[in-house]
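In: just coords:
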């Protein structure tokens, strides 16, 4: 098989036809210039599917790759999901006038049974009495997946395509499943049809996953091992096709993305809920634990039931992170760059500019949000009423529904309505939402909001603020890029051009530094300070030196005060035999001690502005 993707489109079709005439049975080519991102993702899925089992056909792998690619890189136009430029496939007889019929694997792909003494030319149902009474007794279950993407992937259209691909994976596992053992259950299920019995069957799928299921049917059918195995294949495939993704109920916010190095190497993922059968849950869990199984990760599934997919590789993380964030190596990918058809590993950060992001929640909108030319007062001077009116106007237009100012926002923090005005100002003046955990959300942002109280005992404040910001303010920030104040590192003097993503703000002076530029020993790691729940307080080198000088002066003053007090005590003891001279010495020592204390207080007052 040849994959023609580096030819001039005008000649690709002609070359493909020529290869077909030379006996090449399967030829794939792009009739139009492909996006490098789409080509890389499609190719990864296509070849991963061909490697799953020896009996996966080219057409099945092609169809599955089309559906999965559409789920992740299909563009929304006027609210509808449109298919990106995909390759054409020439397969089958060269004289077939109908061409390729797109089809995912289903019941028709289950191989026929081999039962000695039975004529199956007209089908199993016609040859085996009671065949239509065979039933798979499979209880339903829910399964939570983590799927590479932002909140926008939790969409009926995208999940529909992804659901088709996951169903196809289960069909590939079930259609050649093998019966390991079959025994009567300890107790027959109560809902069996009259005259039917049941077997508890242990089944091994194509990739080696093992599950137990209950098969019901006529005793004559269940007594034949070949018929039981074929019945299991047919019923498992049919049951796999009932798998569905469940969308959040109306009014419930979409899940926010989160990132972990254990899941797809840190690629942002969102939770998605599957409704399927218990046996399918068991199969997917086992496949996720296999280091060699590539089906799940090729579809962008990062974890199954909370367990990371073991087959993930660095190339998967790189490809999927580019798809989700639109960035590669700290560089923002532009429409022009992707249109050049560059391979995904050939995208260079030097080709385009753009700020890096250390926040997995800060995923750019798809499509990008146009600037909101509202003529609003600059963020450093705007009043709260004007800001809230502009925010509500923007969100109403963006989300296509009326927002009542008296009930907005509906979020509560620390017993009070969420202070969106100060939340937004504090974040954008610290580099914007993309800075992520470089901002001390609990210590710096929360302390300047009306929601803060001295006796606050609420936990999880940092994560709550980030989620609220993603829900109410992130889109608004993208539409108002001039609101974001981009600082320069006070240590190296460089800003975003340095390419570092470990920005952190000093808790004393609020200046920004690259954590990697601070070479002081025993600082710990950037993650120690970026912890949203229990962040360490960070003091920049300048403030640390000022504090050290102030502490040194205070220590010297304390030593002088202690010496003066000791001198006063000695003078008082020496004057016991001569009352008047001793009294004069004690008085002088006391006056000296007071002067030392006054000097100490003066030094402390001078040090306070330097420490702040």
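Out: Yes, it's here. What you are looking at is a predicted structure, and each value in this text was computed from that prediction instead of being measured. Numbering: from 1, shown residues only.

In: what's the distance between residue 239 and residue 112?
Out: 20 Å (C-beta to C-beta, to the nearest Å). (C-beta placed from N, C-alpha, C; glycine too.)

In: Let me fix that, I meant to ask about residue 69.
Out: Relative to residue 112, and taking C-beta to C-beta, residue 69 is found at 33 Å.

In: Looking at these two, which is more packed in?
Out: More crowded of residue 69 and residue 112, by other C-beta atoms under 10 Å: residue 69, with 27 against 10.

In: Need the nearest residue in space to the more buried one, chain neighbours excluded.
Out: residue 42 (4.7 Å; C-beta to C-beta, 6 or more residues apart in numbering).

In: what number of residues lie near the one you found?
Out: Residue 42 has 26 neighbours, counted by other C-beta under 10 Å.

In: so it sits right up against residue 83, yeah?
Out: No - judged on C-beta atoms under 8 Å, residue 42 makes no contact with residue 83 at a distance of 11.4 Å.

In: Name the residues contacting each of these two.
Out: Common contact partners of residue 42 and residue 83 (C-beta atoms under 8 Å, 6 or more residues apart in numbering): residue 66.

In: circling back to that earlier point, residues touching the residue nearest to residue 69, list them.
Out: 65-66, 69, 86-87.

In: Let me have the residues you listed in JSON lines, extended by distance to residue 444.
Out: Putting the contacts of residue 42 into JSON lines (distance: C-beta to C-beta, whole Å) gives the following:
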{"residue": "65", "distance to residue 444": "46"}
{"residue": "66", "distance to residue 444": "47"}
{"residue": "69", "distance to residue 444": "42"}
{"residue": "86", "distance to residue 444": "47"}
{"residue": "87", "distance to residue 444": "50"}
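
In: so of those residues, which ones are in helices?
Out: 65-66, 69 (DSSP state H).

In: Please compute how far stretch 299-316 lies from its chain's middle.
Out: Averaging C-alpha positions (C-alpha atoms, centre = their mean, to the nearest Å) puts stretch 299-316 12 Å from its chain's average.

In: Straight-line length of that stretch, end to end?
Out: Its start and end residues considered, stretch 299-316 measures 10 Å (C-alpha to C-alpha, to the nearest Å).

In: for that stretch, which positions count as buried?
Out: Residues of stretch 299-316 classed as buried by neighbour count (16 or more other C-beta atoms under 10 Å): 299-304, 308-309, 311-312, 316.

In: Give me the contact list for it.
Out: 44-45, 68, 71-72, 143-149, 162, 165-166, 169, 260, 262-265, 267, 269, 281, 284-285, 287-294, 296-298, 320, 323, 345.

In: May I have the secondary structure class of the nearest residue to residue 291 once chain neighbours are set aside?
Out: Spatial nearest neighbour of residue 291, excluding adjacent residues (C-beta to C-beta, 6+ apart): residue 310 at 5.0 Å. Taking DSSP: H, G, I helix; E, B strand; the rest coil as the rule, one finds residue 310 in the coil state.

In: And residue 310, how close does it get to residue 301?
Out: Counting by C-beta to C-beta - residue 310 and residue 301 are separated by 12 Å.

In: okay, now residue 132: neighbour count?
Out: 12.

In: distance between stretch 523-530 and the chain's centre?
Out: 22 Å.

In: Rounded mean pLDDT for it, please.
Out: Average pLDDT, stretch 523-530: 79.

In: start the count at 6, not 1, going forward
Out: Okay, using 6 as the starting number, the last item reads as stretch 528-535.

In: ok so, going back, so can I have a markdown table of the buried residues of stretch 304-321 showing pLDDT?
Out: Converted to a markdown table, the buried residues of stretch 304-321 look like this (pLDDT from 0 to 100):
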| residue | pLDDT |
| --- | --- |
| 304 | 93 |
| 305 | 94 |
| 306 | 95 |
| 307 | 94 |
| 308 | 95 |
| 309 | 96 |
| 313 | 95 |
| 314 | 95 |
| 316 | 88 |
| 317 | 90 |
| 321 | 88 |
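
In: Reformat the residues you listed as TSV; add distance to residue 449.
Out: Shown next, in TSV, are those (distance: C-beta to C-beta, whole Å):
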residue	distance to residue 449
304	40
305	35
306	36
307	31
308	32
309	37
313	32
314	36
316	40
317	35
321	36
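
In: Relative to residue 135, which of the residues you listed is nearest.
Out: residue 309 (37.1 Å; C-beta to C-beta).

In: Run a quick neighbour tally on the nearest residue to the closest one once chain neighbours are set aside.
Out: Computed as C-beta to C-beta, 6+ apart, the closest residue to residue 309 that is not its neighbour in sequence is residue 293, at 3.9 Å. By other C-beta under 10 Å, the residues close to residue 293 number 24.

In: what about the stretch 6-155 of the chain, any weak spots by pLDDT?
Out: 6-15, 38-40, 59, 81-84, 97-107 (pLDDT under 70).

In: where exactly do the strands run in it?
Out: 7-9, 32-34, 80-82, 85-87, 93-95, 140-142, 145-153 (DSSP state E, counting those that start in this stretch).

In: need the strands for the stretch 456-605 of the chain, in chain order.
Out: So, for the stretch 456-605 of the chain - with DSSP E, counting those that start in this stretch - the strands run 508-510, 517-519.

In: Mean neighbour count, mean pLDDT and distance to residue 109 for the ones you listed - can I get that in a markdown table?
Out: Below are those laid out as a markdown table (neighbours: other C-beta atoms under 10 Å; pLDDT from 0 to 100; distance: least, C-beta to C-beta, whole Å):
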| stretch | mean neighbour count | mean pLDDT | distance to residue 109 |
| --- | --- | --- | --- |
| strand 508-510 | 24 | 78 | 46 |
| strand 517-519 | 23 | 80 | 49 |
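
In: want to try CSV for those, with distance to residue 140 as columns?
Out: Below are the strands of the stretch 456-605 of the chain laid out as CSV (distance: least, C-beta to C-beta, whole Å):
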stretch, distance to residue 140
strand 508-510, 60
strand 517-519, 64
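
In: so which of those strands comes closest to residue 250?
Out: Judged by C-beta to C-beta, the one of the strands of the stretch 456-605 of the chain that comes nearest to residue 250 is strand 508-510, at 36.6 Å.

In: what's that closest one packed up against?
Out: Strand 508-510 is packed against strand 517-519, helix 531-535, with contacts defined by 3 or more C-beta pairs under 8 Å, 6 or more residues apart in numbering; DSSP states H and E.

In: Swap in 7 Å and give it another go.
Out: Using 3 or more C-beta pairs under 7 Å, 6 or more residues apart in numbering; DSSP states H and E, the elements in contact with strand 508-510 are strand 517-519.

In: Within the sheet, what are the partner strands of the strand it packs on, with directions?
Out: The strands beside strand 517-519 in its sheet (DSSP bridges) come out as strand 508-510 (antiparallel).

In: Now for residue 418, how many residues are close by?
Out: 21.

In: and it, what pLDDT?
Out: pLDDT, residue 418: 87.

In: That one: what's its closest spatial neighbour, skipping adjacent residues?
Out: residue 456 (4.4 Å).

In: and that neighbour, how many neighbours?
Out: 23.

In: cool, residue 243 as well?
Out: Neighbours around residue 243, by other C-beta under 10 Å: 15.

In: With the one 10 residues further on instead?
Out: Neighbours of residue 253 under the rule other C-beta under 10 Å: 13.

In: List the contacts of the closest residue to residue 507 other than its chain neighbours.
Out: Once flanking residues are discounted, residue 507 sits nearest to residue 520: 4.1 Å by C-beta to C-beta, 6+ apart. Shown in contact with residue 520 (C-beta atoms under 7 Å, 6 or more residues apart in numbering): 507, 509, 531.

In: at 8 Å what do you get?
Out: 507-509, 528, 531, 534.

In: Ok, residue 276 next?
Out: Taking C-beta under 8 Å, 6+ apart, one finds 149-152, 260 in contact with residue 276.

In: With residue 207 instead?
Out: Contacts of residue 207 (C-beta under 8 Å, 6+ apart): 184-187, 215-217.

In: try 7 Å this time
Out: Applying C-beta under 7 Å, 6+ apart to residue 207 gives the contacts 185-186, 215, 217.

In: which one among the residues you listed gets closest to residue 96?
Out: Of all these, residue 96 sits closest to residue 215, with 34.1 Å by C-beta to C-beta.
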